[in-house]
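Participant: the following block contains a protein sequence and its predicted model.
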Amino acid sequence: MPPRTPSSSTVLLPFLYPPHLFAQTSRTLSSRAVPKILPRALPPRHSQLPGNRRASSNTTTATAAGAPSSSTSETDPDPHPPSTPSSWTTPSASPTTTNHHHYETNPHNSLPANRLNPLPDDYRLPVFSDRTTLTMYAGPGGSGCISFLRDLHFGGDASGPPNGGDGGHGGNIYIAAAYGETSLHKLGRRRVMRAGKGKSGLGSSKDGQRGADIVITVPVGTVLKEVWREDPVAEEKAIAKERRIQRKEERKLRAEQAQETALATLKEGHLGGENWEEIAEKARLEQEQKDWEEYEYPHYDKWVFYPGISASQRKSIRLPKLPKRERLFAQPEGPIVLDLMKPTKQPILLAAGGLGGLGNPHFQKWRTEKPMIATKGEAAVSMKLELELKLLADVGLVGLPNAGKSTLLRALTNSRARIGNWAFTTLQPNIGTVILDSYRGRTMPMPRAKPKPEEYTWGVPAEEQEARTRFTIADIPGLIEGAHLDKGLGIAFLRHVERAGVLAFVVDLSAGPAVEALKALWKEVGLYAKMREDEERDREIERKIEWDFNIDTAARATSTWAAEYTQDIDIDPVLHIAGKPWFVIATKGDLPETQENFKNLKYYLNGVTRGEFEHPSGVEGGWIDDVAAIPVSAINGHGMDRIVHWTAGLLDQ
Ligand SMILES: Nc1nc2c(ncn2[C@@H]2O[C@H](COP(=O)(O)OP(=O)(O)OP(=O)(O)O)[C@@H](O)[C@H]2O)c(=O)[nH]1
Ligand SMILES: [Mg+2]
C-alpha cells in the first residue's frame, strides 16, 4: 500500500479515502510547512480488477447458502495478471492487489492453484444456520383506568361521571416467509421474541395504546413446529368449563341423595313436618353458595381498585361478574405445524396478544354510580417453536465425501465453496446459481416444457410463465455408509436436497467402482426418506391427540386458512425421493485408469433405464426414464455444458 499520509503531516486523517485525496488535502492543510508534494497518480482501473474470467461456459452468480455473493472477483485466479502500469510508480504498488496464492502450487495434487483447484484456505463461509428454537411471548393487554370527570360543574374535584379509558390490546406475533431471507441464524441469536405490551388506559376516556406486533420473517422453505404453549386465558376457560360440568354432576348426585333420604324417612313413618323436596333444595342452595365462595368469588386478581380506597372499603365492594369477552384475534389451535414452502401472502398469526382491560365506565350501573373498579389486561400466549430450514434448490448434489462436489459447484457456478483433499471439507450447505446465458452475458432462456403449477407462481397462468433463465444447485456435506445411523455428519443435511427438483449423484471415478458408490448413496437416501416417513407418521398420531384447549371455534376457522402451509402427509416420501429425476456426474475423469470404471457405470445405468436392473434405491416405480452418466473433470471445468443442459432439460421436462 502506498503511504496514506505524508509522514511530515501532523494532521490525522481518516484512512478510508483514496491516497491522492490525502496528498492534496494534506498539501492544502500544511502547505507552508511541507514542500510541495506532487499528486500521486492512481493506477488505471483495470489493474485493480482481475480479468473477466469465467469458470465455464455458462456461469454465474453464486450464492453461498443462498446469500448473494458480492464481490465476485477478488479471489479469482488470473492466469495473465494485467501488467503493472508505468504510471503506478510507488514501490508498494506491485501486484499486491491480487492474491498471492493463486500462483502457488496446490500441495494436495501438485497442480497450480486456481479457482477450481484452490488452496483449502481460499473459501467463503457465510453465516448459516438451518435449525433453531424460538420462544415467543405475545403482548399482555394493558389495564383499564379508574377516573372521574373533574369539572367545575361537579364542584371542581374529581366527582363527575366515570371516564377511565380502556387498556390497549397486547401485540400479536406473526410469521411470514419471504424470498431474500437465507438463513435462520439471526433468529437463532435472538432466541426470545416479545411483542409489545398494551398500555394502560388513562383518564379523560383515553384508551391505552396497542402493543406493537412482531412479524418474524423466515426464508421460504422453513418448517416450524410448536414445542409447547402456555395460554392462560384458554386454560382458565378450560378449568371453568370442567368445574361447571363437575358441579352439575354434584347437583345431580345431591338431588338423588336427598330423594333417597326423603324416601327413607317416609318409610320409617315420621315425616317431622318436613318436605323432602325442601330439604333437597336447601342442600343444593347451601352447596352452591359454597361453590361460589370457593371458585368464582371474588376474582380479586382480575380487578384494579381505586387507589384512594381503604382495604375495608375494597372488601365491601361487591364485584360484578367478569364481563365475557372474545379475543380480538382468535388464537390458532395447537399444536401449530407449518411448512412455508412458498412466500406467504399475508403474515400468519402464531400468538395472539391479550385483550386490554375495561375502564371504570363499563361498570357504572344504576346502583353503583361511582365504580371504583376496572379490569386488568389479559395475560397473553407464550409458546416455543422449533424452526427448521429446508433449502429449496433446483438441483441437489449427493455424493460420498471427497467426491468433488464442491469443486463441481465452483466449476458450474461462481460459488466459493471450500475444497480440500480430505473427507468432510464441506460442513454446511452451499448454494450456487447457474445462469443460462449465451456466452455473451445475455441470458438464454430455456423454454419450459412443463409449466409450474399456479400455486407456485402466484397464479400466473401456464402460457404467461417465463422461460427458465437460471437454476440453483445445493452442495451438501458428503454422505457415508451408515449415515442414517448418524455416522459421519449424518443425513441431517439431506433435508436440503429433499425438495430439489433433480438429484445429481456425484461419483468419483478414481475411488473404486462407481456403481457400488452409487448404490451406497441411493441406499442412504432411501433410508433417510424412510426415516422422514416415520417422523411424519408420529406427527400425524400426535395431531390426533385431543388438544384440551381447542374451545374456540373461531380459532379453528383462522387456522384453516393457514392449512395450505401444512404438510401433505399422503405422499409416500420414499417413492417421492425415488420418483425424482436423477442422473450421475462421474467426476475426476482426468485421472488415469478411470475409463473402465465409467464404462461399467454407463452399462449399469443403461440397464436401469431399460428396466433390466432395479432402481438403485430398491423402490419399485422409481424414476428411470432416462438415467444419464455424464463424465466430467471439474478441476479443469470440462463437461460443464452437458451438465447444465441435461439438468435444465430434466427440470422442465
Ligand atoms: N483430478 C481431479 N481432482 C478433483 C476433481 N474434482 C475434485 N477434485 C479434487 O478432489 C478433492 C475433493 O474435492 P471437494 O470438491 O472438496 O470434494 P467434496 O465432495 O466437496 O468433499 P466433501 O465436502 O468433503 O464431501 C480436492 O482435492 C479436489 O481438488 C477432478 O475433476 N479431477
Ligand atoms: Mg465439499
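Facilitator: Arrived safely. Ligands and ions are numbered 1, 2, ... in the order given.

Participant: can you get me a residue count around residue 144?
Facilitator: For residue 144, the neighbour count with other Cβ atoms under 10 Å is 29. Any C-beta I mention is one placed from the backbone N, CA and C, and that applies to glycine too.

Participant: how much space between it and ligand 1?
Facilitator: Noted for residue 144: a distance of 61 Å to ligand 1, by Cβ to the nearest ligand atom, to the nearest Å.

Participant: and if you look at residue 427?
Facilitator: Going from residue 427 to ligand 1 by Cβ to the nearest ligand atom gives 8 Å.

Participant: and residue 528, by the same measure?
Facilitator: Separation of residue 528 from ligand 1 (Cβ to the nearest ligand atom): 16 Å.

Participant: next: residue 335.
Facilitator: 36 Å.

Participant: what of residue 113?
Facilitator: For residue 113, the distance to ligand 1 - Cβ to the nearest ligand atom - is 10 Å.

Participant: ligand 1 contacts on the stretch 301-450 of the chain?
Facilitator: Counting by Cβ under 6 Å from any ligand atom, the residues of the stretch 301-450 of the chain lying close to ligand 1 are 399, 401-407, 419-421, 423-426.

Participant: give the PyMOL command for selecting the buried subset of those residues.
Facilitator: The buried residues among those can be selected in PyMOL (16 or more other Cβ atoms under 10 Å) with this line:
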select buried, resi 399+401+402+403+404+405+406+407+419+420+425+426
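
Participant: near ligand 2, from the residues of the stretch 301-450 of the chain next to ligand 1?
Facilitator: When those are checked against ligand 2 using Cβ under 5 Å from the ion, the ones in range are 405, 406, 425, 426.

Participant: in a markdown table: those residues, plus secondary structure.
Facilitator: Shown next, in a markdown table, are these (DSSP: H, G, I helix; E, B strand; the rest coil):
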| residue | secondary structure |
| --- | --- |
| 405 | helix |
| 406 | helix |
| 425 | coil |
| 426 | coil |
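
Participant: which one of those is nearest to residue 327?
Facilitator: Nearest to residue 327 among those: residue 426, at 47.7 Å, using Cβ to Cβ.

Participant: please list the residues of the stretch 1-150 of the chain that sit near ligand 1.
Facilitator: Contact residues (Cβ under 6 Å from any ligand atom) of the stretch 1-150 of the chain with ligand 1: 108, 109, 117.

Participant: point out where the stretch 51-200 of the chain drops to low pLDDT.
Facilitator: Residue ranges of the stretch 51-200 of the chain with pLDDT under 70: 51-103.

Participant: from the residues of the stretch 1-150 of the chain next to ligand 1, which would you call buried?
Facilitator: Burial by neighbour count, 16+ other Cβ under 10 Å: within those this picks out residue 117.

Participant: can I get the residues of the stretch 1-150 of the chain next to ligand 1 in TSV with distance to residue 145?
Facilitator: Conversion of those to TSV gives the following (distance: Cβ to Cβ, whole Å):
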residue	distance to residue 145
108	74
109	77
117	73
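
Participant: and of the residues of the stretch 1-150 of the chain next to ligand 1, the nearest to residue 325?
Facilitator: For these, the residue nearest residue 325 by Cβ to Cβ is residue 117; the value is 69.1 Å.

Participant: report the beta-bridge partner residues of the closest one.
Facilitator: residue 114 (DSSP bridges).

Participant: contacts only, for it.
Facilitator: Residues near residue 117 by Cβ atoms under 8 Å, 6 or more residues apart in numbering: 106, 109, 111, 407, 419, 635.

Participant: nearest residue to residue 314 in space, please, no chain neighbours.
Facilitator: Spatially, and ignoring its direct neighbours in sequence, residue 314 is nearest to residue 305 (5.3 Å; Cβ to Cβ, 6 or more residues apart in numbering).

Participant: going along the chain, name the helices of the chain.
Facilitator: Remark: helices assigned in the chain by DSSP state H are 19-29, 45-48, 185-190, 232-268, 276-291, 311-316, 405-412, 514-544, 553-561, 573-578, 595-610, 640-651.

Participant: tell me which residue of the stretch 551-653 of the chain lies closest to ligand 2.
Facilitator: residue 634 (11.2 Å; Cβ to the ion).

Participant: can you give me the neighbour number for that residue?
Facilitator: So residue 634, with other Cβ under 10 Å, has 30 neighbours.
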